[in-house]
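**Student:** What would the 3D arrangement of this be:
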Amino acid sequence: MKCPNCDQHIEIEDWQDLEPFTCEECKESLCLIIDESTYQGATNTRLVICDDQ
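**Tutor:** Numbers count the residues shown, from 1 in each chain. Just a heads-up that it's a prediction; the model follows:
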């Protein structure tokens with residue numbers, strides 16, 4: 001997947017781990033969002049910038 005902030009390629013090892021992690025390139029906090037049963041298929045996984053507020 002690509003970082004939504006800097007477009008750096010990110011390897012995801014555990015697709016079920018929803019804990020936030022940091023992009024090594026831009027140091028932005030990212031997390032996986034998994035939507036189930038969407039119109040795009042059985043599951044839709046996105047990488048988004050986390051709000052740490």
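**Student:** Chain neighbours aside, what residue packs nearest to the most centrally placed residue in the chain?
**Tutor:** Central residue of the chain (C-alpha atoms, centre = their mean): residue 47, 2.2 Å from the mean position. Leaving out its chain neighbours, the residue that sits closest to residue 47 by C-beta to C-beta, 6 or more residues apart in numbering is residue 1, at 4.7 Å. In short, each C-beta sits where N, CA and C put it, glycine included.
**Student:** how deep is that neighbour tucked in, by neighbour count?
**Tutor:** 14 (other C-beta atoms under 10 Å).
**Student:** just the one 10 residues further on next, same as before
**Tutor:** A count of neighbours around residue 11, defined by other C-beta under 10 Å, yields 5.
**Student:** tell me the secondary structure for it?
**Tutor:** coil (DSSP: H, G, I helix; E, B strand; the rest coil).
**Student:** Report pLDDT for it.
**Tutor:** Confidence at residue 11, expressed as pLDDT, is 92.
**Student:** State the distance from it to residue 47.
**Tutor:** 11 Å (C-beta to C-beta, to the nearest Å).
**Student:** Now do the contacts for residue 46.
**Tutor:** Residues counted as contacts of residue 46 (C-beta atoms under 8 Å, 6 or more residues apart in numbering) are 32, 33, 35.
**Student:** ok, residues contacting stretch 13-31?
**Tutor:** Contact partners of stretch 13-31, identified using C-beta under 8 Å, 6+ apart, comprise 3-6, 8, 10, 32, 34, 45, 47-50, 52.
**Student:** What is the burial count for residue 33?
**Tutor:** 11.
**Student:** pretty sure it is touching residue 49, no?
**Tutor:** No. Residue 33 is not in contact with residue 49 according to C-beta atoms under 8 Å; the separation is 10.7 Å.
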